[in-house]
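[1] Build me a structure from this.
(2 chains)
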Amino acid sequence: MAAFQEPAMDKRFPQYDELDLPKVAEEVLKQWEAEDTFGQSLELRKDAPPFVFYEGPPSANGLPGIHHVMARAIKDIFCRYQTQKGKLVHRKAGWDTHGLPIELGVEKELGITKEDIGKKISIEEYNAACKKAVMRYTDVWNDMTRRIGFWLDLEHPYVTYKTKYIESVWWLLKQLYDQDLLYKGYTIQPYSPAAGTGLSSHELNQPGTYKPVKDTSVVALFKVKRDAKSEFLFADAFGDVFIMAWTTTPWTLPSNTALTIMPSQLYSRVKTFNPYTGEPQTVILAKPILLMGRYFQEKNNPDFLREIARTLGPNEPDPFRVYDGSGKNIPWKRAGEYYGYDLEGIRYEQLLPYGTPEGGDAFKVIGGDFVTTEDGTGVVHTAPSFGADDMRVARQHNIGTLTLVDLQGRFTKEMGEFAGKYVKNEYYPAGTAPEKSVDVEISIKLKEMGRAFKVEKYEHNYPHCWRTDKPILYYPLDSWFVRVTSKKDRLIALNKTINWKPESTGTGRFGNWLENLQDWNLSRSRYWGVPLPIWRTEDGDEELCIGSLKQLKEEIARSVAAGNMPADPIAAFDPADMSDANYDTVDLHRPYADNIVLVSPSGKPMTRETDLIDVWFDSGAMPYAQLHYPFENEADLKEKFPADFIAEGVDQTRGWFYTLHAISTLVFDQVAYKAVVSNGLVLDKNGQKMSKRLGNAVDPFKTLDEYGADAVRWYMISNASPWDNLKFDAEGITEVQRKFFRALFNTYNFFALYANIDKYVPPSPREKGSGDEGALTEMDRWVLSRLNSLIKLADTNYTEYEPTIAARAIQDFVVEDVSNWYVRLNRRRFWKGDTGTDKSAAFQTLHRCLEVVAMLSAPIAPFFTDRLYRDLTGACVHLSDWPKADEKLIDTELEERTKLAQQLTSLVLSIRKKEGHRVRQPLQRMMVPVLDETMRKRLSAIQELVLNEVNVKELVMLDPSESKLAKKIKPDFKKLGARMGKLMKSVAAAVNGFDQAQIAALETEGSLQLTVEGQEVELLRDDVEITAETIPGLSVASDGQLTVALDITLSDELRQEGLARELVSRIQTLRKESGFEVTDRIHLHILDVGDARLTRIVQQHSAYILSETLAVTPEDQVIVSSLPAGSPGVHQVELDDTLQCALSLVRSAN
RNA sequence: AGUCCUGUAGCUCAGUUGGUUAGAGCGCUACACUGAUAAUGUAGAGGUCCGCAGUUCAAAUCUGCGCAGGACUACCA
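    Below you'll find the model as predicted:
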């Protein structure tokens, strides 16, 4: 063992004047880049088992915000941790380059609208502009990524618009196609007739699109056809039988093809009159609606009227017979009730027979889960063409559709007198709208036909096109779908194997989403995206899905041969050549893909379906497409799929998390990721969402400049769990800097200061564990025990994706255990005495603590900890192996008794404060009642420590059984409650009322009989807690079961000793003020002012005073009759209120 | 509208399987300590544990119904 040596350099451990985290980050970053530390970390683990991470591609056409710092920090933490744990962690960057946000940005920039595409600007030019725009901010993103310390392979990102990437996407689509999981069908989409384009949900979610509007609503009457199925409704019939259904869009009534009811709901049959024609009729509606009185008021119920009549007089006429047909106070009468499922399958007459439905049955009552009794009649008028729910339920029941509105928003020619009219008045050019909207006209027509029950204005929110400001329609458009619903069970089953953080996102938000799964609408009528690789003949009878460029090239060759195309547009491409240069000769975007015409098996030309695919499919394809699978790297996929871990914002739950899961389940029947962390939002400090509009967005670069990435990351992680929303407050970062980083920094600086002075050399790794274990003190072993417990705790929590718990534990350890306890109580060992084994043990212990803390914190604060670790060991922390907890060093008993010492110390200091005795004044005695043997043992072990810390001479243990301590008794509710049950309250009251004699009796007897509420109960010693409360005549404090008494009488000796300490304290302060180094020796002289107290103090304690202040003055020369006049080393000091003196201190020559 | 998250001191957050004095840090006030410390110690002020109802001997904790903030999905007669 050679702990103290001449080092090669002057100062082995660098010391710093101040903590500048941004500067540290900058310097360390340069070092990483110079040394390619990231590359080294991969090289180091190149043969290690992989830990697979996927980077969710951000869209690089927007600037990064502070929330991206959060998301990227989380990703980085677990990748670094796993690297330290010995795994190989590849992290490939990626960019999401397609989609609407990019198109919108480009349109804004070029000052064009969607309609201009293909007219003012060619698709080719448009897409070129998108391609250029999309990587605009990559530099800014890369810069932020580097600055926050996120290790990511930015040199070789996957980019979704690259031909190789698209080829993999096509391959995946082909896999789906071959499994019959891709189909074309109608879907109801938000559509703006004014703009002539479908709208995405993104567009629909623009602010201000939903506006309150007043529409004409109608309760229409659908006439039931009388047949075997409906016969029961005609028993005792009163006129025709109708089903009532409500709509706020009367223009959809001609396109009605079904009525939807709730199968489990009760429906009532009601006899009444038509309000507009006065004809007798029988109607059907949901029973709760009837009872609500929305359409039928109780006062018009004949049963009720007759009842009143009876009380008034005998010969009142039957109101049902004498109804005047005025439409007011229409009598009605209940005539039976049925469940919804009794009504299912009943047929009715078409309400407005303008058109004939296609593709299935029609005019039938069906069951659906979306029907409520909130609005309307409990029966939903179902027009599959104009409602998503309608379409879905119609499909389930094989109901046909009727679309009597064209793409301009006008009624079609079948619509007779309505043909050519716009269904919404807003669609007419300004000033040309008719007085009566078609909604009103249809209502009037229904009234005249006797098919209306009620017509009124209804105010509700309705979406508007954000560009034209006119109401949108829901309209059926041709779309391609992925049949995810056919694999629903598999999706759900596989999801259950995923480790979601937090769990509720997986079971709740994501689980529910899967339970209510709809087929995935892949189609987008856009320009900048992956084209759908499906070619069709004009009649749609023959189609071909292309799954590779090779296949495409072959088909092109056939087509050229058949004379459909003059030449092969990708002639330069060689399918066997995987070079980028080769792939760069091909562009699969529009319009190039559209220009390719293939030939069908029967020889007909086939053109591409013009749709693009949903950009979410691009990102969900990244596990495969980033490798250009299966065309390259086929073997790699085994190692790089599925991911062990991914992380993104919770807003990706139904976005990227879903598309990854869906594609991997459908194509590979596997999960795409084993664990996923979904982080919450970053809000401003008031809990408001950050937005440019509100001006409360935080600039990530400014924040990093000001505080450094380490503090920002530590703050974000330690403040709240990643999945909780973070209220971002810069004050919090300052606090983290002050508390955690400064404590760590100061502790290191303290270590470096004395380690350099003593030329301490830490043991090499090989020597570790064979060094100075024998010389370790109680406190060394304590802090090492805490340290090893911390290693275990941090390890578990990083493994379980709980970084917040790890960060908080590390922070507590550094601030409380190391800085405020271990270093404070042990500092003398570092600067006092010889360089012996005790000192070496202290250095070794502190060194170990700092080194391990650096390793445990490295995932979260990568820059500062690397600097710290390098300063301590010369190596890079990110290339280090995660420390192993040494169970042998974990001593819970030791941790317990140290806790007792800390409590005792705190109590004594509290008494000192109360009594006005500063800690420098020694006191004679403290007394502690001992509750049991364990406590006695603990006290003996820690008494030195406590006495030192609180400056008391002796600790007396009091045996509670023989002492005259006053006791306090408290029931143990948990134990007693279980036994006593209802008597608990009375028993507690009785116990709290015990006097000292009763307590003593219980203690000696072990049990006590009580009579409570007339019942005999037995109280056991274990049912209560008995504590010593006061010690008569002494100053006392207590905390829980622990009580301390302090003897505060001061003898002359104690007083003198106190003054000696005061003197030392003054001299130390002067040393510091004079700018002396801690190692400087001094000459100390004290002027004899003739006060006997002073001379006695100096005589009695001179050895102590001299050694504490590093004075080299001989003991008998301290007191002098005169000080050198005018010397800069002369000072007046005050020891207490009555004692003053003058002294001089001068730096000694050696 | 549905699903999910959050609601505890002025602020940021802990709070075990329900157990009676609900905690910590920051901030504030006062005092002390300081030869590593813009540190620390002690004390004080500060609470309708979002509300209501229920289960229970006992609810911050469990259940139900609401309220507020947030997220996502949907927008439906």
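
[2] Rounded mean pLDDT for the lengthiest helix in chain A, please.
    Of all the segments assigned as helix in chain A under DSSP state H, the longest by residue count is helix A:892-915. Taken as a whole, helix A:892-915 has an average pLDDT of 82.

[3] Next secondary structure after it?
    The element immediately downstream of helix A:892-915 (helix or strand, assigned by DSSP states H and E) is strand A:923-929.

[4] same for whichever helix or strand comes after that following strand, what does it pack against?
    Past strand A:923-929, heading to the C-terminal end, the next element that is a helix or strand (DSSP H and E) is helix A:933-950. Under the contact criterion of 3 or more CB pairs under 8 Å, 6 or more residues apart in numbering; DSSP states H and E, helix A:933-950 touches helix A:778-799, helix A:824-831, helix A:892-915, strand A:923-929, strand A:952-958. Every residue, glycine included, has its C-beta placed from N, CA and C.

[5] Go ahead and name everything in contact with the longest helix of chain A.
    Surrounding helix A:892-915, the residues in contact under the criterion CB atoms under 8 Å, 6 or more residues apart in numbering are A:778-779, A:781-782, A:785-786, A:789, A:821, A:918-919, A:923, A:926, A:928, A:935, A:938-939, A:941-942, A:945-946, A:949-950, A:952, A:1035-1039, A:1042, A:1044, A:1046, A:1048.

[6] Name the residues of that helix that come out as buried.
    For helix A:892-915, a neighbour-count test (16 or more other CB atoms under 10 Å) marks A:894-895, A:897-898, A:900-905, A:907-908, A:910-912 as buried.

[7] for those, which one is nearest RNA strand B?
    Nearest to RNA strand B among those is A:S910, at 3.6 Å by CB to the nearest atom of the strand.

[8] Can you show me the CA trace of stretch A:790-805 as CSV?
    Once non-C-alpha atoms are left out, stretch A:790-805 reads as follows in CSV (Å, rounded to 0.1, in the frame of the first residue of the first chain):
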residue,chain,number,x,y,z
LEU,A,790,-27.3,3.6,-3.4
ILE,A,791,-25.7,1.6,-6.2
LYS,A,792,-28.3,-1.0,-5.9
LEU,A,793,-31.2,1.5,-5.8
ALA,A,794,-29.9,3.4,-8.7
ASP,A,795,-29.3,0.3,-10.7
THR,A,796,-32.9,-1.0,-10.1
ASN,A,797,-34.5,2.2,-11.0
TYR,A,798,-32.5,2.8,-14.1
THR,A,799,-33.4,-0.7,-15.2
GLU,A,800,-37.0,-0.1,-14.5
TYR,A,801,-37.1,3.3,-16.3
GLU,A,802,-37.5,5.3,-13.2
PRO,A,803,-34.8,7.9,-13.6
THR,A,804,-36.5,10.3,-11.2
ILE,A,805,-36.2,8.0,-8.2
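
[9] Could you list the buried residues of stretch A:950-961?
    For stretch A:950-961, the buried set under the neighbour-count rule, 16+ other CB under 10 Å, comprises A:V950, A:N951, A:V952, A:L955, A:L958, A:P960.

[10] what about the longest helix of chain A, near RNA strand B?
    Yes - against RNA strand B, helix A:892-915 shows contacts by CB under 7 Å from any atom of the strand at A:S906, A:L909, A:S910, A:K913, A:K914.

[11] Find the closest residue to RNA strand B in the stretch 851-1000 of chain A.
    Checking the stretch 851-1000 of chain A residue by residue against RNA strand B with CB to the nearest atom of the strand singles out A:G977 as nearest, at 2.1 Å.

[12] Centre of the chain to the host helix or strand of that residue, how far?
    Of the helices and strands defined by DSSP H and E, A:G977 is found in helix A:973-980. For helix A:973-980, the distance from its own C-alpha centre to the chain's C-alpha centre is 40 Å (CA atoms, centre = their mean, to the nearest Å).

[13] Could you list the residues of the stretch 51-200 of chain A in contact with RNA strand B?
    A:I188, A:P190.

[14] Do you have the helices of the stretch 51-200 of chain A handy? List them.
    Using DSSP state H, counting those that start in this stretch, the helices of the stretch 51-200 of chain A run over A:66-84, A:100-110, A:123-134, A:138-147, A:163-178.
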